[in-house]
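Student: Could you look at this predicted model? Sequence included:
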Amino acid sequence: MGSGTVGALVGRMHERDELAAALVSLRNGYGGVLVIEGEPGIGKTRLLSELAHLAGGAGCAVLSARASEFERDLPYAVWSEAIDPHLAGLGEHRVRLLGVLDPQALAGLAPGMLAGSSPGNDPGGSAAADRHRVHRALRDLLGRLATTRALVICLDDVHWADPASLDALAALVRRPPAAAALLALAVREGQLPVALSRALAAAMSEDRATRIEVGPLSNAEAGELLGKDPGVTFSLSGGNPFYLQQLARVHDRRADGRVPGEGIVPAAVAASLASELGELSPQARLLLEAAAVVGDPFDPELAAEVAQLSEPVALPALDDLLARSLVRPAGAPRRFAFRHPLVRHAVYASAAGGWRLAAHARAGDALARRGADVIAMAHHVEHSGHAGDDAAIAILMQAADAARASAPASAARFCAGALRLLPAGSGDRERRARMQAALADAQSAAGDPAAARATLRDALRVAKRASKNNTRSWVPGLTV
């Protein structure tokens, strides 16, 4: 991420204004802190890139780095990535001319400082510097780098930064360089490290920091991003640019026109979410998978029962999911929803198949004990019922009858599910014929006459085979 050319930024008018205001303040000699916060894929990195591009165009020096979840054991890794390449570009002579007071303190953070330091300039001795000495030296270095031209430091994925880097960052937020230096940080929503969060709260109270909370794109902005009507992919993406682009890419490649998200999760989205899910505790992961089975939005008590977690275990797990913004309050008491429908699809798909079967069975049983309506139960019975399960078949046909008038497509699905559970060798041909007739009726009502005709033709074939065997068969409305 640097000051090179970047693609046009879609929408984000409020965010653009904040970036512009920060740069105006910087040109006037005032530094500060800019925090860009939001969910994964929402566009935090894109905004940092825009800031770097604008700052570079305005003549500012730009330092950039991105923290990595795989480098949390490397002290000051994010600072080394930001500073050392810049020092190397300056060259030894210009680094020496900076006149940094304690270059030895930065040996573990910016080895390039030692290349430009004078022999014997080691006020603290050769032993490893303590963190306060490092913080003072880092503040001094950044201040000197900002002397000739304003400095912008863009740090991405700060939530993954190593403890030493975070400690130094919090110290700089509390006591910034006495120069035109802007710290621009991108962090996942709800995952700002505690020490840094406290330092930022103090800076905001002193009007030294600005927070940008990045929200979803509108439908019109999504269309501008894709260059076409986003259609149903917009609702599946929740306006998240990364999800939106990945869904559209998969949809464009599909020959059958099936909408991504209907059991389909783009590989790039699955990989991104796998990283998030991998950071969860086993209990939080289990509760999230149970919630994906239960539905969206979900009742946390039902999800805990499906996950087989006690309340004292489930509630802290729910807090973890809320803190990471994987789920959010759904606007009604004791109801929560996934961050996006696509997140639920990905979580559901990531759960073990055998566990899902048992989880749907537990969900159906729990709903039955609660006296839930038959349609709510049918979804879980459809996934957990087994061949010859008369109770499951009865529930599905009752749900089909209840849904026929208002939701014929759902009625057709329930009928089809019941037929799948009817043993292939069942001798009850009249029962099968009645179920096929109900399926055809629902398919026709749902606007799929071709499927209805296919169902009836199949029923006729069964009836004709029965007549050849001199066995009376019954199909509603048909004489054989």
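Tutor: The structure has been received and is ready for your questions.

Student: List the buried residues for the helix or strand hosting S197?
Tutor: Secondary structure assigned from DSSP states H and E places S197 in helix 194-205. Under the neighbour-count criterion of 16 or more other CB atoms under 10 Å, helix 194-205 has A195, L196, A199, L200, A203 buried. (C-beta placed from N, C-alpha, C; glycine too.)

Student: With stretch 213-230 instead?
Tutor: Buried residues in stretch 213-230, counted by 16+ other CB under 10 Å: V214, G215, P216, L217, E221, A222, G223, L225, L226, P230.

Student: Which other helices and strands does the longest helix seen in the chain contact?
Tutor: In the chain, taking DSSP state H as the definition, the longest helix is helix 449-468. Under the contact criterion of 3 or more CB pairs under 8 Å, 6 or more residues apart in numbering; DSSP states H and E, helix 449-468 touches helix 429-445.

Student: try it again with 10 Å
Tutor: Judged by 3 or more CB pairs under 10 Å, 6 or more residues apart in numbering; DSSP states H and E, helix 449-468 is in contact with helix 408-421, helix 429-445.

Student: pLDDT averaged over it, what's the number?
Tutor: Mean pLDDT, computed over helix 449-468, is 79.

Student: same thing with stretch 186-206?
Tutor: 91.

Student: circling back to that earlier point, can you pull out the residues in contact with the helix holding S197?
Tutor: Here helix 194-205 makes contact (CB atoms under 10 Å, 6 or more residues apart in numbering) with 32-33, 35, 158-159, 161, 163, 166-167, 169-176, 183, 185, 187, 191-193, 208-211.

Student: try 6 Å this time
Tutor: With CB atoms under 6 Å, 6 or more residues apart in numbering as the test, helix 194-205 has contacts from V33, L166, A170, V173, R174, A209.

Student: dump the residue contacts of the first one.
Tutor: Read that as V33. V173, L183, A203, A209.

Student: Which two among the residues you listed are spaced furthest apart?
Tutor: Using CB to CB, the contacts of V33 reach their maximum pairwise distance at L183 and A203, which is 9.5 Å.

Student: sorry, back to before: TSV for the buried residues of stretch 213-230, including secondary structure, pLDDT and distance to I375?
Tutor: Formatted as TSV, these follow (DSSP: H, G, I helix; E, B strand; the rest coil; pLDDT from 0 to 100; distance: CB to CB, whole Å):
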residue	secondary structure	pLDDT	distance to I375
V214	coil	94	38
G215	coil	92	34
P216	coil	92	30
L217	coil	93	34
E221	helix	92	36
A222	helix	90	32
G223	helix	91	35
L225	helix	91	37
L226	helix	89	35
P230	coil	87	30
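
Student: Which parts of the stretch 101-250 of the chain are strands?
Tutor: 151-156, 181-188, 209-213 (DSSP state E, counting those that start in this stretch).

Student: of the ones you listed, which approaches L236 most closely?
Tutor: That would be strand 181-188 among those, by CB to CB, at 21.1 Å.

Student: The closest one - contacts with which helices or strands?
Tutor: Strand 181-188 sits against strand 32-38, helix 44-57, strand 151-156, with contacts defined as 3 or more CB pairs under 6 Å, 6 or more residues apart in numbering; DSSP states H and E.

Student: highest average neighbour count across these?
Tutor: The highest mean neighbour count among those, using mean count of other CB atoms under 10 Å, belongs to strand 151-156: a mean of 25.

Student: Extract the CA atoms of it and return them as CSV.
Tutor: C-alpha atoms of strand 151-156 as CSV (Å, rounded to 0.1, in the frame of the first residue of the first chain):
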residue,chain,number,x,y,z
LEU,A,151,4.4,12.1,7.7
VAL,A,152,1.5,9.6,7.4
ILE,A,153,1.9,6.2,9.0
CYS,A,154,-0.7,3.7,7.7
LEU,A,155,-1.0,0.5,9.8
ASP,A,156,-3.5,-2.1,8.6
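
Student: Parallel or antiparallel, list what pairs with it.
Tutor: Strand 151-156 has these partner strands in its sheet, going by DSSP bridges: strand 61-66 (parallel), strand 181-188 (parallel).

Student: tilt between that strand and strand 32-38?
Tutor: 20 degrees (axes from the mean of the first three to the mean of the last three CA atoms, to 10 degrees).

Student: Mind checking the pLDDT average for strand 151-156?
Tutor: Here the average pLDDT along strand 151-156 is 96.
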